[in-house]
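Asker: The following comprises the amino acid sequence and a computationally predicted model.
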Amino acid sequence: MTSLDNRRAIVTGASSGIGAAAAIALSAAGAEVALVGRDRARLDAVAARCPRSRVIVLDVRDAARVREELGRIGADLVVNNAGLALGADKLPDGDPSEWATVIDTNLKGVLHVLSATLPAMKTAGRGDHVLLGSVAGRQVYPGGNVYCATKHAVRALYEAQRLDLAGSGVRVSTVDPGMVETGFSGVRFRGDTERAKAVYQGMTPLSPEDVADAILWIVTRPRHVNVGEVVLWPTDQASTTIVQRR
């Protein structure tokens, strides 16, 4: 395990869930972490657990602000995590305005962060860019349609980066988890807490800390080792559609 001392990290979607857990793990390992998200109060709460951290309140959909705020940090470690799902309707019943929010956050937001932070890494000849993908980027499931499409696109961006950054010294990785118990389902089901709880009923999902542990392992490998793809499943989950419940 290599040290993260003197590393400058950015974590998007850091106000809760996987982003918060990743920020805390990177900070504990010695990195200076910029916590990026939309909720100042939640970001401040996470920052209280992260020595040498700073809070940046922004929406990754805002390309100009992302470039302005993140481009000047000179980060050499980025966890491109911000994302969401809205609804589980079949395509004919979907809401185009919700599709736009999901696409603008999960795909265009990822691109905005990528564009703002990769040039400095390329110039320095080193760095780590970790995408937060999903098993939904590998297997489509009923009601997943647009969300799954965005995560398939994130996987394509991972593969494109590996080609475009070949020889640059920048390592590119994707972490693709299955079911993780966060606020994700609550957002997807528009605040319906009972429906959100039912997603994890009778099974043991991954925790945000499980995913953060994988991210930390990736970025602390020796410089000649690039862990490209990590897929994390709960033991109770065999696929996006097969879950063992008790």
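Answerer: Arrived safely, thanks for sending.

Asker: Residue 163: which element?
Answerer: helix 145-164 (DSSP states H and E).

Asker: Then residue 35?
Answerer: According to DSSP H and E, residue 35 maps onto strand 32-37.

Asker: Please name the strands paired to that strand in the sheet, noting orientation.
Answerer: strand 8-12 (parallel), strand 53-57 (parallel) (DSSP bridges).

Asker: tell me the average confidence for it?
Answerer: For strand 32-37, the mean pLDDT works out to 98.

Asker: switch to numbering from 46
Answerer: In the new numbering, first residue 46, that becomes strand 77-82.

Asker: Any idea how far it is from the middle of the chain?
Answerer: Distance of strand 77-82 from its chain centroid, counting by CA atoms, centre = their mean, to the nearest Å, is 13 Å.

Asker: contacting residues around it?
Answerer: If you take CB atoms under 8 Å, 6 or more residues apart in numbering as the criterion, strand 77-82 is touched by 51-61, 64, 68, 71-72, 88, 91-92, 95, 97-103, 105, 114-115, 118, 120, 127. Where C-beta positions appear, they are placed from N, C-alpha and C, glycine not excepted.

Asker: Where does the prediction get shaky in this structure?
Answerer: By pLDDT under 70, the chain contains no weakly predicted segment.

Asker: for it, what spans make up the strands?
Answerer: 53-57, 77-82, 98-102, 122-125, 172-177, 215-222, 274-277 (DSSP state E).

Asker: got a list of what residue 124 touches?
Answerer: Taking CB under 8 Å, 6+ apart, one finds 54, 55, 56, 57, 64, 67, 68, 71, 175, 177, 260 in contact with residue 124.
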